[in-house]
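J.: Sharing a model prediction with you, sequence too.
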Amino acid sequence: MALYTYSFSEKKRDLTDVLSTVIKDEPRFISNFKRVEDATQQKHEWLEDQIAGRAVTAISLSGLVVTASAADVAKLKVGTLLVIKNDSALFRVASIDSATTFTVALAAANGSSTTTPAEGDILSIVSSPMSEGTTNGDGEESYHLSNTNYNCTQIFRKDIVLTGSALAINILGNVDNQINRQTAFALGETARDLNRVALFGRRVQAASGATGEIGGLYYYGTSSGCLEVDASSSALDSFMVNDAAQSILSEGGEPSQILCSPGQARVLSNEFRDKLQIVRADDKRGAYVAVVVNEINGRAMTIMADPDVPDTDAWIMDVAGFGLSNLKGRSLSDEDATPKGFDGIKRMALGELTLEFKNAHQRLCRIHSLQSSAAALAAIKAAL
């Protein structure tokens, strides 16, 4: 028999919503992760979204016959209109000749002297006009990409302990109040742990002799083929930010956030000090949050300063691909774990979850090798 009793001693409490609230209020990177569908296995797979720009790359040409990849040619229909990147001439697909070739014809000069594409040109799809009375199969086909990626689940556990002496002192009120307070502290620690996992975690699948671990931003955002900007020890400025944003836009993403250390946020804010709009809305929290207009597409990007981010790095991100997924039936909950005869109360908070980083190669761009914020701020101060 337990030495101490309380109102929910025999109950298991779901803490998922409480953790979600704590994460949302944490001024950290982890607050970008919204709840998504539960994982059904420890290796959690997802389909990558179809966000790639609608364009065709000309590998080679023979007159007006264009050779491209089979994936690119599959985007086209007879009658599809195309423009060459950085040119105004409009071309029409006259015929689809094979799985990898198609013929174009000049549809409108639009003030350009270009009469034919060139090898290596990127042909952006304008549209595929449809005639009246279309039937099944005439329309443009849009597929969810078959590419997949995955992350692994990780178990988080916090043991909440209240000794008999602490219960006897009764400073924090009754037993229920004391347990709830300690549970809140434990969830705060879990959120901070999860933030560092979301940044630096490595992906490890649970197996015999191996504990499951969640891969984080640096795992997915620094893999082969990911977008990056080398700052070459220069101070962070809007040129680097816009270069990174343009890289994401060209891949089909929508850059919406600048993630950096508090020091680098100060460096960047100095450039925009007359243009910054500080935001403290209920739906967005941050240790330092400011809105900067993206010069590439005119949309706003939020600056979020996270003390855990290395000072010589900054990230430009499309946060739409982030998600937090609980393993089905293993969402964070707490239950009594007091052993027989223990002088106090123990509760165990336990949960298993993972994080999604959809389209990391298209939605994430790392700016690395920045000048330290201390050196950059010192130079700014000296120039005043």
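T.: That came in fine, so what should we check first? Keep in mind the model is a prediction, meaning the values are calculated, not measured.
J.: Tell me which residues touch the spatially closest residue to residue 33 that is not a sequence neighbour, please.
T.: Distances taken as CB to CB, 6 or more residues apart in numbering put residue 324 closest to residue 33, at 4.2 Å, once the chain neighbours are dropped. C-beta: built from backbone N, CA, C; applies to glycine. With contact taken as CB atoms under 8 Å, 6 or more residues apart in numbering, residue 324 is in contact with 23, 33, 34, 35, 36, 353, 354, 355, 356.
J.: Inside strands: which ones of those?
T.: Secondary structure from DSSP state E places 34, 35, 353, 354, 355, 356 of those in strands.
J.: Could you report the pLDDT at the nearest residue to residue 129 once chain neighbours are set aside?
T.: Excluding its sequence neighbours, the residue lying closest to residue 129 (CB to CB, 6+ apart) is residue 79, at 6.1 Å. The score at residue 79 is 90. That number is its pLDDT.
J.: ok but residue 79 is inside a strand, no?
T.: No. Counting by DSSP: H, G, I helix; E, B strand; the rest coil, residue 79 is located in no strand; its state is coil.
J.: What distance do you get for it to residue 126?
T.: Using CB to CB, to the nearest Å, residue 79 is found at 11 Å from residue 126.
J.: all strands of the stretch 151-300 of the chain, in order?
T.: Here the stretch 151-300 of the chain has its strands, by DSSP state E, counting those that start in this stretch, at 154-163, 227-230, 257-260, 277-278, 289-293, 300-305.
J.: Export those strands to CSV and append columns for mean neighbour count, distance to residue 57 and mean pLDDT.
T.: Output for the strands of the stretch 151-300 of the chain, formatted as CSV (neighbours: other CB atoms under 10 Å; distance: least, CB to CB, whole Å; pLDDT from 0 to 100):
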stretch, mean neighbour count, distance to residue 57, mean pLDDT
strand 154-163, 17, 39, 90
strand 227-230, 17, 18, 96
strand 257-260, 24, 29, 94
strand 277-278, 10, 39, 50
strand 289-293, 18, 31, 60
strand 300-305, 21, 28, 86
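J.: Helix or strand with the lowest mean pLDDT in this protein?
T.: strand 277-278 (a mean of 50; mean pLDDT, DSSP states H and E).
J.: And this protein, what are its domain boundaries?
T.: Domain assignment of the chain by automatic domain parsing yields the ranges 13-48+148-383, 55-127.
J.: If I average pLDDT within each of the ones you listed, which one is lowest?
T.: Among the domains of the chain, domain 13-48+148-383 has the lowest mean pLDDT, at a mean of 86.
J.: contacting residues for residue 352?
T.: 42, 153, 154, 155, 156, 212, 326, 327, 330.
J.: Give me the distance between the fifth one and residue 324.
T.: To tie it back to what came earlier, the one meant is residue 156. Distance from residue 156 to residue 324, by CB to CB: 12 Å.
J.: Equivalent analysis for the fourth one, please.
T.: Computed as CB to CB, the residue 155 to residue 324 distance reads 15 Å.
J.: just the third one next, same as before
T.: Using CB to CB, one gets 12 Å for the distance from residue 154 to residue 324.
J.: Which residues are in contact with each of these two?
T.: Joint contacts of residue 154 and residue 324 (CB under 8 Å, 6+ apart) are 353, 354.
J.: Grab the nearest non-local neighbour of residue 116.
T.: Using CB to CB, 6+ apart, the nearest residue to residue 116 is residue 64, at 5.8 Å.
J.: how close does residue 301 sit to residue 245?
T.: Taken as CB to CB, the span from residue 301 to residue 245 is 7 Å.
J.: Residue 239 versus the nearest residue to residue 230 once chain neighbours are set aside, what's the distance?
T.: Nearest residue to residue 230 in three dimensions, chain neighbours excluded: residue 369, at 5.7 Å (CB to CB, 6+ apart). Separation of residue 369 from residue 239 (CB to CB): 15 Å.
J.: same question, residue 384
T.: From residue 384 to residue 239 the distance is 21 Å (CB to CB).
J.: Specify which residue of those two has the higher count of neighbours.
T.: Taking neighbours as other CB atoms under 10 Å, residue 384 and residue 239 compare with residue 239 leading, 12 against 5.
J.: From residue 60, how far out is that one?
T.: 35 Å.
J.: Likewise for residue 362?
T.: Taken as CB to CB, the span from residue 362 to residue 60 is 26 Å.
J.: Which of these two has more residues huddled nearby?
T.: Neighbours were tallied for residue 362 and for residue 60 using other CB under 10 Å; the higher tally belongs to residue 362 (23 against 11).
J.: Please name the residues that touch the more buried one.
T.: 51, 52, 227, 248, 251, 252, 253, 318.
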